[in-house]
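Student: Here's my sequence, what's the structure:
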Amino acid sequence: MSPARKGWESGSTNQMAYTVPKLEDYSPAALDSAVHELLSALRQEADAVRSENEWKEFRDRWMARKNGILTQINDLWLKAAPGPSKREAGARVNQLKSEAEHIIDSAQQRASGSAAQMRTDLERLDITLPGIRRTLGAEHPVMKTMHEIVSVFRAMGYSVAEGPEVETDYYNFESLNFPPNHPARDTQDTIFIAGQEKKQQRDRLLLRTHTSPVQIRVMEKQPPPVRVVIPGKVHRADTADATHSPVFHQVEGLAVDTNITFSDLKGTLDHAMKSLFGSSVKTRFYPSFFPFTEPSADVQITCFKCGGKGCRLCKMSGWIELLGCGMVDPNVFGFVEHNGYDANKVSGFAFGMGVERITMLKYGIDDIQLFYQGDVRFLEQFM
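Tutor: Numbers count the residues shown, from 1 in each chain. Model (predicted):
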């Protein structure tokens, strides 16, 4: 290690960070090394200067006429150099002083700029203003609608349940009273997992076509009474277009107890529709068919845009079809009879609705694909 480096690193403060060493070797290589060590120390001290006061101390330490480091160089390097080496030493000392002055001037500019910026920042800072918060974004419109639907039923005392998206044929079809030859089991309607041919039909895996399998799973674990609402993602082999998607969301509900009637179903859904679309909305039920409910019904509500008078949204009918429902078929209770679901003692109702359809109606969206394209311009409308 050279004497200059040793003196630079041994100091505990900036005032002792570098001391000018006496040179014993005045060869060009030794002179170049000494100059390099000095400039390295100078730059390091210059980088540490943060204010005008620090710069003044730094300048005096290096450029003071009586005892500054640059003055010491004349005495310890140039005057002490033997005659043949004075020319080499003089050239390097002159070069060193020029570079040192440039480094010290640059440090002054940085210190002055930092001080001015600090004063400006303090003048601009108003500590009475609220802090700056990062924008965290907003719920996706489909998720927002789904949470609104769930909150309506939670307010009526329903609990929330979820289940797997990859289901077995048993939970998705068989236990819900879908016979083996039902069209919904066809690959044109259902997305089956490949490589299941060797398994029994009830054990074959598929992407669930509705959230109804969770109803069976809940009844297997919990004896009656049950009141549960089931939100989630479902999959069907649909071709994507303005009104269809192979992936969409549903909210289904199930209530099972003694003496539950169709009147309870109508009252529950009428209250839910009024909570979602306004107290002036009316509901009507008309016959339909679902394998797992009997009797079954489709539910319509008066158009919340025109109040039932007829408009483009309701296709001039005054009514909008919104969901399906019905009383739980006794055959379904047969699959969970061991857990207290005796069809002679309990009854229940179930309902289900597509979240995307309701979201499209609420916000006037005419293409379901807009929900899945991730276009920020579209999504920012719902922030």
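
Student: tell me the contacts of D25?
Tutor: By C-beta atoms under 8 Å, 6 or more residues apart in numbering, no residues touch D25. Heads up, the C-betas are built off the backbone N, CA and C, glycines and all.

Student: next one: phi and psi at the residue of the chain positioned farthest from its centre?
Tutor: For the chain, the largest distance from the centre (C-alpha atoms, centre = their mean) belongs to G83, which lies 75.1 Å off. G83 adopts backbone torsions of phi -50, psi -50, taken as degrees, to the nearest 10.

Student: how far away is it from P28?
Tutor: Distance, G83 to P28, by C-beta to C-beta, to the nearest Å: 16 Å.

Student: that older thread, can you pull the pLDDT of the residue farthest from the centre of the chain?
Tutor: Looking at G83, its pLDDT stands at 80.

Student: I216 reaches S175, doesn't it?
Tutor: Yes: using C-beta atoms under 8 Å, I216 makes contact with S175 at a distance of 4.7 Å.

Student: Mind listing residues that contact stretch 275-287?
Tutor: Against stretch 275-287 from outside (C-beta under 8 Å, 6+ apart): 148-149, 152, 155, 266, 269-270, 273-274, 295-302, 304, 307-308, 319, 325, 358, 362.

Student: From start to finish, how long is it in a straight line?
Tutor: Terminal residues of stretch 275-287 are spaced 24 Å apart (C-alpha to C-alpha, to the nearest Å).

Student: Figure out how far it is from the centre of its chain.
Tutor: 35 Å (C-alpha atoms, centre = their mean, to the nearest Å).

Student: What residues of that stretch count as buried?
Tutor: Counting neighbours by 16 or more other C-beta atoms under 10 Å, one finds that the buried residues in stretch 275-287 are 275-277, 281, 283, 285.

Student: what does stretch 151-170 give?
Tutor: 152-153, 158, 161, 163, 167-170.

Student: List the ones among these that fall in strands.
Tutor: With DSSP state E as the criterion, strands contain 167-168 from among those.

Student: how about the buried residues of stretch 151-170, which pair is most distant?
Tutor: Largest separation among those by C-beta to C-beta: V152 and D169, giving 32.4 Å.

Student: now P295, what's its secondary structure?
Tutor: strand (DSSP: H, G, I helix; E, B strand; the rest coil).

Student: so how many other residues sit close to it?
Tutor: 15 (other C-beta atoms under 10 Å).

Student: Could you point out the helix or strand that follows the lowest-mean-pLDDT helix or strand in the chain?
Tutor: Averaged element by element with mean pLDDT, DSSP states H and E, the chain has its least confident helix or strand at helix 3-10 (a mean of 41). Once the chain leaves helix 3-10, the next helix or strand it forms, by DSSP states H and E, is helix 28-47.

Student: tell me how far that next one is from the chain's mean position?
Tutor: 52 Å.

Student: contacting residues for the closest residue in space to Q201 that isn't next to it in sequence?
Tutor: Spatially, and ignoring its direct neighbours in sequence, Q201 is nearest to D169 (5.5 Å; C-beta to C-beta, 6 or more residues apart in numbering). The neighbourhood of D169, defined by C-beta under 8 Å, 6+ apart, consists of 185, 201-206.

Student: Any of those residues buried? List them.
Tutor: So, of the contacts of D169, 185, 204-206 end up buried under the neighbour-count rule (16+ other C-beta under 10 Å).

Student: roughly how far apart are P224 and L379?
Tutor: 42 Å.

Student: Low-confidence regions, the stretch 1-150 of the chain specifically.
Tutor: 1-17, 113-125 (pLDDT under 70).

Student: and with 90 instead?
Tutor: 1-139 (pLDDT under 90).

Student: Strands - which of the contacts of stretch 275-287 land there?
Tutor: Per DSSP E, the contacts of stretch 275-287 map to strands at 295-302, 319, 325.

Student: which SSE is the closest residue to Q188 other than its chain neighbours in?
Tutor: The shortest distance from Q188 to any non-neighbouring residue, by C-beta to C-beta, 6+ apart, is to A237 (6.0 Å). Assessed by DSSP H and E, A237 sits outside every helix and strand.

Student: again with the one 4 residues further on
Tutor: Taking DSSP H and E as the definition, D241 sits outside all helices and strands.

Student: Report pLDDT for it.
Tutor: 90.

Student: Next: the one 5 residues further on.
Tutor: P246 is assigned 93 on the pLDDT scale.

Student: how close does it sit to P330?
Tutor: 33 Å.

Student: Which ones among the contacts of D169 map onto strands?
Tutor: 205-206.

Student: List just the nearest of the contacts of D169 to E54.
Tutor: Looking across the contacts of D169 and measuring by C-beta to C-beta, the closest to E54 is L205, at 71.4 Å.

Student: Report the beta-bridge partners for that closest one.
Tutor: With DSSP bridges as the criterion, L205 is bridged to T168.

Student: mind listing what it touches?
Tutor: If you count contacts by C-beta under 8 Å, 6+ apart, L205 has them with 166-169, 192-193, 196.

Student: Look up how far E220 lies from it.
Tutor: From L205 across to E220, the span is 19 Å (C-beta to C-beta).

Student: And the contacts of stretch 141-156?
Tutor: 138-139, 160, 227, 229, 231, 249, 251, 253, 268, 271-272, 275-276, 353, 355-356, 358-359, 362-363, 365, 371, 379, 382.

Student: Filter those residues down to just the buried residues.
Tutor: Buried members of the contacts of stretch 141-156, scored by 16+ other C-beta under 10 Å, are 227, 229, 231, 249, 251, 253, 268, 271-272, 275-276, 353, 355-356, 358-359, 365, 371, 379.
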